[in-house]
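Peer 1: let me see the structure of the following:
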Amino acid sequence: MSVAEPIAELDERFSSGGATARPWSDVQRALEQAEIFWLSTVRRDGRPHVTPLPAIWLDGRLHFCTGPREQKAKNIEANPRCVLTTGSDRFLSGLDVVVEGSAVRVTDEPLLHRLAGLWESKLNWPYEVVDGAFRERSSAIAGAEFDARGVAHVFSVSPSKVLAFGKGEPFSQTRYRFQTSRAPGGSRTVEVDGMTVHFLERGEGVPVVLLHGGLATAAMSWIDAMPVLAGRYRVVAPDSRGHGGTDNPADHLGYDQMADDVARLIDVLELDRPVVLGYSDGAQIALELGMRHPGRARALILGGAVSEPHDTYLEGLHSWGFPSPGEVDLDLVAEEFGEEFYRQTRAAHATIRDEQEWLGFLRQISRLWLTVPRYGESQLASITEPTLVITGDRDEMAGLDQALRLYRHIPRAELAVIPDADHAAAAQPLFWDATRTFIERHSTSTPATPG
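Peer 2: Purely as a prediction, here's the structure:
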């Protein structure tokens, strides 16, 4: 998340009389000048892990590196939330700073080269950049951060909260809050790894994330459902990558890629193990989330999902105007969607500026839909979360066979079939009766222990 000037709040309970909030410029200076930080992470079994290491403040983020086999790397893989602390060992002077956030792997080579230059100039620790990572060159410093090949992965931490402790009279404790940008009506944006994500948010309580279908947006899909769920839950409904108000810095779309986006959004918004509900494409994303990021959600709801590219599914896409991966028949798409719905869909995608970009987006959708993976039984069996598989009994795209395959191979799956409903089953009241009951039962669930 890009760091703008945060809101500084003095905590008078832990500050001297007459103290004022420390300026953010003081904190930035401390982060820029510090050489050693203490990194706190959490092991898979919940025990804390703390280690000292160098870090570099650049572009509003802290950056550190670690060998992929180091304990901290293993901890971050399971839980990216962490804390970096720096300051001095003096009681009556100095400024201690605590930075909370989530660690994200850095693989962008231009950024890695910038960081390598700073590591060498500031710390006299020379690195070269190889295959999206650091590799140690000859150095007087021991290579403790590297594996046997001399390779280290680089991570960035965008602050979600910063605490600064001024020592010596006047003592002060200042909290800095980093806000997502907000628009009226619960419409917000946040920067996630260089991508602007637009999302809707309403309510308080256990978080529920709603993932919309392909070519739709959060507002198109969930505008009626959100007020109902928001009476009991904190509901977050993002526009998927390339859809609505969310841009797409990449030149392609993938369900695995979008599942990673959701995992990072969960981290950036600090959602505590949300229930993730996806429909159609949103269900494909939720399915990938369960496989790629086990334990990140407390439960999954998969509506209208497929687990393999079966003939009926592919024939349906061909009839909509998507004849082969990456190809699109615009006239046929407009005809099949209907003129008014097609116009509304085009207008809803605010980040697409002209017809050429719209065509490029539809080509990305064509490739995404027509190359849906076939998930093996062992992949489906790796999903540890309670999972509600829900489908219409007349769903022409996903269908009962696909729902049954998911139900039979996801270990903690439940099955709901909406009668007299096609691929638009999410518009039926029974769909929401089933999902609300499921969310209520699992909103206090604990993570499953892997076998």
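Peer 1: let me know the pLDDT of residue 343.
Peer 2: What the model reports for residue 343 is a pLDDT of 80.
Peer 1: make sure it is indeed in a helix.
Peer 2: Yes: judged by DSSP: H, G, I helix; E, B strand; the rest coil, residue 343 forms part of a helix.
Peer 1: distance of it relative to residue 189?
Peer 2: As judged by CB to CB, to the nearest Å, residue 343 and residue 189 stand 25 Å apart. Yep, even glycine has a C-beta here, placed from its N, CA and C like the rest.
Peer 1: now do the strands in the stretch 151-300 of the chain.
Peer 2: 151-166, 172-177, 181-183, 187-192, 195-202, 207-211, 234-238, 275-279, 299-303 (DSSP state E, counting those that start in this stretch).
Peer 1: out of those strands, nearest to residue 91?
Peer 2: strand 151-166 (10.9 Å; CB to CB).
Peer 1: next, the angle from that closest one to strand 187-192.
Peer 2: Interaxial angle, strand 151-166 versus strand 187-192 (axes from the mean of the first three to the mean of the last three CA atoms, to 10 degrees): 120 degrees.
Peer 1: helices or strands up against strand 151-166?
Peer 2: With contacts defined as 3 or more CB pairs under 8 Å, 6 or more residues apart in numbering; DSSP states H and E, strand 151-166 has these neighbours: helix 24-33, strand 61-66, strand 95-106, strand 133-136, strand 172-177.
Peer 1: and among the ones you listed, the most buried is which?
Peer 2: Mean neighbour count (mean count of other CB atoms under 10 Å) peaks for strand 61-66 among the helices and strands packed on strand 151-166, with a mean of 24.
Peer 1: picking up where we left off before, who's more crowded, residue 343 and residue 189?
Peer 2: Neighbour count, other CB atoms under 10 Å: between residue 343 and residue 189, residue 189 has more, with 18 against 12.
Peer 1: is that one bridged to anything, and to what?
Peer 2: residue 181, residue 198 (DSSP bridges).
Peer 1: please tell me how far it sits from residue 111.
Peer 2: 22 Å.
Peer 1: same question for residue 97.
Peer 2: 23 Å.
Peer 1: ok, residue 9 next?
Peer 2: 31 Å.
Peer 1: more crowded one of these two?
Peer 2: The residue with more neighbours, out of residue 9 and residue 111, is residue 111; 18 against 12, by other CB under 10 Å.
Peer 1: element containing that one?
Peer 2: helix 109-123 (DSSP states H and E).
Peer 1: what does residue 50 give?
Peer 2: Short version, using DSSP H and E: residue 50 is in strand 48-54.
Peer 1: again, but for residue 395
Peer 2: Residue-wise, residue 395 maps onto no helix or strand under DSSP H and E.
Peer 1: in contact with it, which residues?
Peer 2: Going by CB atoms under 8 Å, 6 or more residues apart in numbering, residue 395 touches 304, 403, 421, 422, 423, 425.
Peer 1: once you drop chain neighbours, what's closest to the last one?
Peer 2: Counting by CB to CB, 6 or more residues apart in numbering, residue 392 is the residue found nearest to residue 425 once chain neighbours are left out, at 3.5 Å.
Peer 1: list the contacts for that neighbour?
Peer 2: By CB under 8 Å, 6+ apart, the neighbours of residue 392 are 304, 417, 418, 420, 421, 422, 423, 424, 425, 428.
Peer 1: the closest residue to the third one other than its chain neighbours: what's it in contact with?
Peer 2: The spatial neighbour of residue 418 that comes closest, neighbours along the chain excluded (CB to CB, 6+ apart), is residue 425 at 4.4 Å. Taking CB under 8 Å, 6+ apart as the criterion, residue 425 is in contact with 303, 304, 390, 391, 392, 395, 418, 431.
Peer 1: cutoff 7 Å now
Peer 2: Applying CB atoms under 7 Å, 6 or more residues apart in numbering, we find residue 425 in contact with 303, 304, 391, 392, 395, 418, 431.
Peer 1: widest-spaced pair of those?
Peer 2: So, these by CB to CB: farthest apart are 395 and 431, at 11.6 Å.
Peer 1: follow-up on the earlier one: can I get the helices and strands packed on strand 151-166 in CSV including mean pLDDT?
Peer 2: Shown next, in CSV, are those (pLDDT from 0 to 100):
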stretch, mean pLDDT
helix 24-33, 94
strand 61-66, 94
strand 95-106, 88
strand 133-136, 88
strand 172-177, 91
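Peer 1: save those as TSV, and put in distance to residue 349 too.
Peer 2: Below are these laid out as TSV (distance: least, CB to CB, whole Å):
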stretch	distance to residue 349
helix 24-33	36
strand 61-66	29
strand 95-106	26
strand 133-136	35
strand 172-177	32
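Peer 1: nearest to residue 282, of these?
Peer 2: Residue 282 lies closest, by CB to CB, to one member of the helices and strands packed on strand 151-166: strand 95-106, at 22.6 Å.
Peer 1: still on that earlier bit, what comes up buried for the strand holding residue 50?
Peer 2: 51, 53, 54 (16 or more other CB atoms under 10 Å).
Peer 1: confidence-wise, which helix or strand of the protein is lowest on average?
Peer 2: Ranked by mean pLDDT, DSSP states H and E, the weakest helix or strand in the chain is strand 181-183, scoring a mean of 42.
Peer 1: re the thing from before, can the strands of the stretch 151-300 of the chain go into TSV with extra columns for distance to residue 348?
Peer 2: As requested, those are exported to TSV (distance: least, CB to CB, whole Å):
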stretch	distance to residue 348
strand 151-166	29
strand 172-177	32
strand 181-183	16
strand 187-192	13
strand 195-202	11
strand 207-211	16
strand 234-238	14
strand 275-279	16
strand 299-303	20
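Peer 1: going by mean pLDDT, which of these comes out lowest?
Peer 2: strand 181-183 (a mean of 42).
Peer 1: how about residue 334, secondary structure?
Peer 2: Per three-state DSSP, residue 334 ends up helix.
Peer 1: measure it to residue 263 for me?
Peer 2: Residue 334 is 35 Å from residue 263, by CB to CB.
Peer 1: and if you look at residue 221?
Peer 2: Distance of residue 221 to residue 263, given as CB to CB: 20 Å.
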